[in-house]
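Chemist: what would the 3D arrangement of this be:
(2 chains)
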Amino acid sequence: MFESSLCQILFCVLAALAMLCAIGVVAFRNPVNSAMCMAVCFAMVAAIFFGMGAQFLGIVQLIVYAGAILVLFLFVVMMLDIHDENHSSKTGWHAVVGVLVAGCTAGLILKAAISLPGATDTPCPVKTLCTSAGELLIGDARQAAPQPVEAAQYGGALPELSAAAAARMENPSISAEDAAKATSISDVKLIGKCLYTHYNIPFVILGFALLSGTVGAVALARKIRKD
Amino acid sequence: MDAIINWYNDLMSNEIWFYLIHTLLKLVLMFAVILAFVVLSVWIERRVAGWIQDRPGPNRAGLPLFLLQRFGSKEKQPLKNWLQFFGIPETCWIAKLCTWLRLDREIPCWGLIQPCLDGGKLFLKQETTPSYVRKFYFILAPMLVLGPPMVAAAVIPFASEVNTCYGTISMCVANLDIGPLWIFAISGLSVYGLTLAGWSSNSKFPFLGGLRATAQLISYEVSMGLSIIPLLMMFGTLNLQQIVQFQADNGWTLLPLWGEGLSWQRWAMMLPLGISFIIFVTCVFAEANRTPFDMAECETDLVAGYHAEYSSMKFASFFMGEYAAMVIGSAVVVTLFLGGWSIGFGADAALSAYCDWLAVLCQLIMFVIKLLAFIFFFVWVRWTLPRFRWDQVMKLGWLYFLEITVANIFLAAAVLYFIK
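Modeler: Alright, predicted model coming up:
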């Protein structure tokens, strides 16, 4: 009980900080300030992942986004020495489009989160978010709670991210009680196994998509010599 | 008295309090030890530099005798008084050894006090913040350089586990399942410090230094991450404590002389692992901004690089951050390739069967010895190799190391496939 409430508090604090930094990204006029806000925001998201026990996801978030991509952003911003943005007159038209796009994206993400198998019956912060959002929108949380969805609808069952599942994967012959006693999750193994068996082909195709992006960038950036 | 013992028992029996207390103790210990090692490595650097260049180095700063009036001043020959007190003749080998160790002059520390005096000097220096800097980032940057190496040290195991009556204590601050990744991610964040220092100084040479540092750190992070993949393929885990345990049982990565390490399969793996070792160590040098990779603070072209505008303790933070990165880099190399805390030749299992705490103590000493040896190696390289040219650094990182590491992964996979 103590641990779960602590996790809830931590999640709320970190999520609030992440939101604050996300607002800072668009609110600051100086591009370096925005980039630094984005870095802190990524770090907070990584911390939320850590709090949920998804250590690998958190660390990948830090390595890839905060450690590499954002540093390159900062590098470019500093190298070009971009000055503060001009005060452009913001029309109402901009705001309407912005609200529409942001609302649609938020709705999509919420829908995906609610309809994930197991999202509404595990004591995770997503659940409280979903039920409270459902109460707001529909009035009764029970009606809003989705029916168990067919796993096939989502391209296969998602791997269960829990200590018991990890213990079962380590040792398939383990009994259910022993598996339930396990406390440590090695989500590196769970994600790796899922990614390189079930989702192997999509994963490789994505790799090629990234490669083609890199090749395109090189082709654009390279000066073509005329000799 | 009984009440205190009972209270202690109750407190330690509570799982959460037990966890909090032993983690906090390890945290404080780790922090203190790393700071001590930063100071120590500065001293090692200067003494070894002196030794290599055939000069004494900082050998004078000792505890002056006026601090200990009762032993008498230098003129009163405290060594003679001391020898007389214990009744040792002056021609005895002990007396000669003491004279050779300069014990007759002062309370000697072989110059060990020098880094402390340097620190004191930097504390007392005038702190100047130029008027043209961007203040917030100018102040933030030194913190971002010194902080990450300290945090990255959390996953490095410095001894094995101890079974107490309240539970098992694993001798690393955070026993995470993502050990090496944690170190790469967190120490990768120190690049922000260098970039922001260069940019916020708002003058030419620091800016160039900051850009160089960023480019170099990002380039070598790629090869560094890829170079340990063959190692992880062999270990099959990312938990550093388990990695070291594996090495303690089956031979160090580079010295498989006991356990399963004697099998021909392990020796067949030595080829990809050796390549990994060379590339990883070179990348650690580049990541720690050490010669031959100290392009970011190359005096001949950049005055002092990204910290040219800094003074006093802000400069000292950069200085300490560099040495902290060196200490952590050495610790990672020792942990991954040289057996970490393991004493070797099956001594770990025998010792822990005899007494857990004794084993932990011996392992801690072993870890420190290995760490010091590797820091010595760092310094040795610095005073042996000249600095690279900037284009050579980039070429080495992107054109050679990246290709070699990727090929090495395939080589390791092939070797693993054929020997299993």
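
Chemist: C-alpha from now on. contacts and neighbour counts both.
Modeler: Fine.

Chemist: nearest residue to B:Asn239 in space, please, no chain neighbours.
Modeler: In space, B:Asn239 comes closest to B:Asp177 once its chain neighbours are excluded; the distance is 4.4 Å by C-alpha to C-alpha, 6 or more residues apart in numbering or on different chains.

Chemist: three-state assignment of that neighbour?
Modeler: coil (DSSP: H, G, I helix; E, B strand; the rest coil).

Chemist: quick one, grab the pLDDT at it.
Modeler: Each residue has a pLDDT score; the one for B:Asp177 is 80.

Chemist: these two touch, right, it and B:Gly236?
Modeler: No - distance between B:Asp177 and B:Gly236: 11.4 Å, which falls outside the contact criterion (C-alpha atoms under 8 Å).

Chemist: of these two, give the one with the bigger neighbour count.
Modeler: Comparing B:Asp177 with B:Gly236 by other C-alpha atoms under 10 Å in any protein chain shown, the one with more neighbours is B:Asp177, at 23 against 12.

Chemist: next one: the more buried one from A:Val218, what distance?
Modeler: Applying C-alpha to C-alpha, to the nearest Å, the value for B:Asp177 to A:Val218 is 36 Å.

Chemist: what strand or helix carries the closest residue to chain A within the stretch 101-250 of chain B?
Modeler: When scored by C-alpha to the nearest C-alpha, the stretch 101-250 of chain B has B:Ala185 as its residue closest to chain A, at 4.7 Å. Using DSSP states H and E, B:Ala185 falls within helix B:179-188.

Chemist: what's the neighbour count on residue 215?
Modeler: Looking at chain A here, since you left the chain open. A:Val215 sits with 12 neighbouring residues when counted by other C-alpha under 10 Å.

Chemist: chain B, not that one
Modeler: B:Ala215: 18 neighbours (other C-alpha under 10 Å).

Chemist: quick one: pLDDT of the residue lying closest to B:Phe205 once chain neighbours are set aside?
Modeler: Nearest residue to B:Phe205, sequence neighbours excluded (C-alpha to C-alpha, 6+ apart): B:Leu302, at 5.3 Å. What the model reports as pLDDT for B:Leu302 is 76.

Chemist: from memory B:Leu302 sits against B:Ser203, does it?
Modeler: No - using C-alpha under 8 Å, B:Leu302 is not in contact with B:Ser203, being 11.3 Å away.

Chemist: who's more crowded, these two?
Modeler: Taking other C-alpha under 10 Å, B:Leu302 and B:Ser203 do not tie; B:Leu302 has more neighbours (18 against 15).

Chemist: what's that one in contact with, if anything?
Modeler: B:205-206, B:208-209, B:296 (C-alpha atoms under 8 Å, 6 or more residues apart in numbering or on different chains).

Chemist: mind putting the residues you listed into TSV with distance to B:Trp357, secondary structure and pLDDT?
Modeler: TSV is the format used below for these (distance: C-alpha to C-alpha, whole Å; DSSP: H, G, I helix; E, B strand; the rest coil; pLDDT from 0 to 100):
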residue	distance to B:Trp357	secondary structure	pLDDT
B:Phe205	52	helix	85
B:Pro206	49	helix	85
B:Leu208	51	helix	85
B:Gly209	48	helix	84
B:Ala296	44	helix	71
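
Chemist: any idea how far B:Thr291 is from B:Gln216?
Modeler: As defined by C-alpha to C-alpha, B:Gln216 lies at a distance of 13 Å from B:Thr291.

Chemist: and these two? Which one has more around it.
Modeler: Taking neighbours as other C-alpha under 10 Å, B:Gln216 and B:Thr291 compare with B:Gln216 leading, 24 against 21.

Chemist: thought that one was touching B:Val284?
Modeler: No - B:Gln216 is beyond contact range of B:Val284, at 11.6 Å (criterion: C-alpha under 8 Å).

Chemist: packing partners of the longest helix anywhere in chain A?
Modeler: Looking across chain A with DSSP state H, the single longest helix is helix A:2-27. With contacts taken as 3 or more C-alpha pairs under 8 Å, 6 or more residues apart in numbering or on different chains; DSSP states H and E, helix A:2-27 sits against helix A:31-51.

Chemist: is the helix or strand just after the helix it packs on in proximity to chain B?
Modeler: Next in sequence after helix A:31-51, counting helices and strands by DSSP H and E, comes helix A:55-60. Yes - using C-alpha under 8 Å from any C-alpha of the partner chain, helix A:55-60 comes into contact with chain B via A:55-56, A:59-60.

Chemist: what about the residue of chain A found nearest chain B, distance to B:Met143?
Modeler: Per C-alpha to the nearest C-alpha, A:Ile63 is where chain A lies closest to chain B, at 4.7 Å. Computed as C-alpha to C-alpha, the A:Ile63 to B:Met143 distance reads 20 Å.

Chemist: hang on, the earlier thing: list the buried residues in the helix holding B:Ala185.
Modeler: Neighbour-count burial for helix B:179-188, with 16 or more other C-alpha atoms under 10 Å in any protein chain shown as criterion, is recorded at B:179-188.

Chemist: got the confidence number for B:Gly329?
Modeler: Listed pLDDT for B:Gly329 reads 90.

Chemist: related to what we said a few turns ago, can I get the residues of helix A:55-60 next to chain B in JSON lines with neighbour count and pLDDT?
Modeler: Converted to JSON lines, the residues of helix A:55-60 next to chain B look like this (neighbours: other C-alpha atoms under 10 Å in any protein chain shown; pLDDT from 0 to 100):
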{"residue": "A:Gln55", "neighbour count": "23", "pLDDT": "82"}
{"residue": "A:Phe56", "neighbour count": "22", "pLDDT": "85"}
{"residue": "A:Ile59", "neighbour count": "24", "pLDDT": "88"}
{"residue": "A:Val60", "neighbour count": "16", "pLDDT": "87"}
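
Chemist: could you dump those to CSV with distance to B:Phe388?
Modeler: Listed next are those as CSV, based on distance: C-alpha to C-alpha, whole Å:
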residue, distance to B:Phe388
A:Gln55, 38
A:Phe56, 36
A:Ile59, 32
A:Val60, 32
